[in-house]
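Trainee: coords below, sequence missing:
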DNA sequence: TCCCCTCAGGTTGTACGCAACGTAGGGTGC
DNA sequence: GCACCCTACGTTGCGTACAACCTGAGGGGA
């Protein structure tokens, strides 16, 4: 009874990895929080081994920091760190967006357009506004775009800069004007892709990330 | 007697990580080679546990690929992959070089100049030419530069694109003209940094990587 | 002859136990 | 009273045993 054999479907270590990553990205595990292996193992109902592997991989991604015999902590980023992360994201994601223009099919564009439109709806001020739901859709939009770039190297480099940084976890920080800009950018990116103009799409993405940077880390 | 307790100084898993990474980077472990945990463990005189951790981290770096219950293989890159990797390196390393211009002290520049000069010497055609020694010096030059950029995010992103790719492991592929250009670039980068001109330095670095790309993957 | 099923071999995935390390607290000597 | 040492505890690092899984070969049936 103590050890529930029937658990999730996937490998235990992958479940641990996914759960921990989600907990960190959503802020459920605060930055700087100490992560004990036994504590996490008990919480997830696993042994220390898969938890340990998950922590190792998270450390490689940069989400946690491990020190000697003292365990792991959730990485906390300084203002300069965040600034640099946005710098890299701007360079890389705009590049990926340009490449996406060469590979996106009509179906892909319809899918992206649907995401952009949906975000426009639930992001609009009013009773139906749902800022929390935006997070998932936004992640989906950027992930889809990165996928369309068909450039594993770009994806790997971006993953090195914190797997969709802590920075993408909320839209509550956006003021109305910035939020409207951000959502309009998504639509414009799709338009640029439809026009087959990679440079245009890349420019909008660069603006998009600049806008996000201003919101999340403030003016330079 | 069988288990030699007195081994290296550092943690066992870090030794395994370093040894495996070196073996892959030098080509001692060929691309596509199957990496059995027990085999590696015996070879390194350790148990499977630290080997397993090392493989996990190498997988995160992109040097090995793991599949289901089938173990790990040394990643092999297609022509397109290499092309994309150089693309990212050009974007990121030139950026890092520009930043280095803002942080490098006179001592730093002297150090870089010494490296560049030394490479010029042992890279020059003649009896003293030592292409193998260039590898280490070149790695050192680029690493020092990346360090001077003081941008952990840039370093992390670059690390995601294969920790100094398999691509930097030899200079034997260079024809005399390309090699001369490459070595001259190092010197010119130092000159640009001395002049405090980050844009110049970045441009040279971009050229430097373009040159390397042409040698390693051929014309586009 | 071809296909499918079964089984054996080898591999990875997980759990658990022990040892090493770092840390904090109390006690003792100066 | 203060500083230093020593001890005890909690943690991580590693080794080993067992279970789950994939793969390939061989035999039987259609």
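Mentor: Cool, got the structure. Remember, it's a predicted structure, so these values are computed and weren't measured experimentally. Numbers count the residues shown, from 1 in each chain, chains lettered A, B, ... in the order given.
Trainee: which helix of chain A spans the most residues?
Mentor: Using DSSP state H, we find that the single longest helix of chain A is helix A:79-103.
Trainee: OK, contacts around residue A:28?
Mentor: residue A:22 (C-beta atoms under 8 Å, 6 or more residues apart in numbering or on different chains). (C-beta placed from N, C-alpha, C; glycine too.)
Trainee: how about whatever helix or strand residue A:19 lives in and DNA strand C, any contact?
Mentor: Using DSSP states H and E, residue A:19 falls within helix A:12-25. Yes. Residues of helix A:12-25 are located near DNA strand C by C-beta under 7 Å from any atom of the strand, namely A:12-14.
Trainee: what's the closest of these to chain B?
Mentor: residue A:13 (9.0 Å; C-beta to the nearest C-beta).
Trainee: circling back: quick check: buried residues in the next helix or strand after the longest helix of chain A?
Mentor: The helix or strand immediately downstream of helix A:79-103 is helix A:106-123, counting by DSSP H and E. Buried positions in helix A:106-123, judged by neighbour count with 16 or more other C-beta atoms under 10 Å in any protein chain shown: A:108-109, A:111-113, A:115-116, A:118-119, A:122-123.
Trainee: what's the angle between helix A:106-123 and helix A:79-103?
Mentor: 140 degrees (axes from the mean of the first three to the mean of the last three C-alpha atoms, to 10 degrees).
Trainee: tell me the secondary structure of the most centrally placed residue in chain A, please.
Mentor: Chain A has residue A:164 as the residue nearest its centroid, 2.5 Å off, counting by C-alpha atoms, centre = their mean. Classification of residue A:164 by DSSP: H, G, I helix; E, B strand; the rest coil places it in coil.
Trainee: so does the longest helix of chain A get close to chain B?
Mentor: Yes. Shown here: helix A:79-103 in contact with chain B (C-beta under 8 Å from any C-beta of the partner chain) through A:81, A:84-85, A:87-88, A:91-92, A:95.
Trainee: most surrounded residue in those residues?
Mentor: residue A:92 (28 neighbours; other C-beta atoms under 10 Å in any protein chain shown).
Trainee: rewinding a little: got the contact list for the residue nearest to the centre of chain A?
Mentor: If a contact means C-beta under 8 Å, 6+ apart, then residue A:164 has A:25, A:139, A:142-143 as its contacts.
Trainee: still on that earlier bit, flag every buried residue along the helix holding residue A:19.
Mentor: Buried residues in helix A:12-25 (16+ other C-beta under 10 Å): A:12-13, A:15-17, A:19-21, A:23-25.
Trainee: now stretch A:63-74
Mentor: A:63-64, A:72-74.
Trainee: mind checking which helix or strand residue A:73 is in?
Mentor: Using DSSP H and E, residue A:73 maps to strand A:71-74.
Trainee: who's in contact with residue A:31?
Mentor: Residue A:31 neighbours (C-beta under 8 Å, 6+ apart): A:74-77, A:166.
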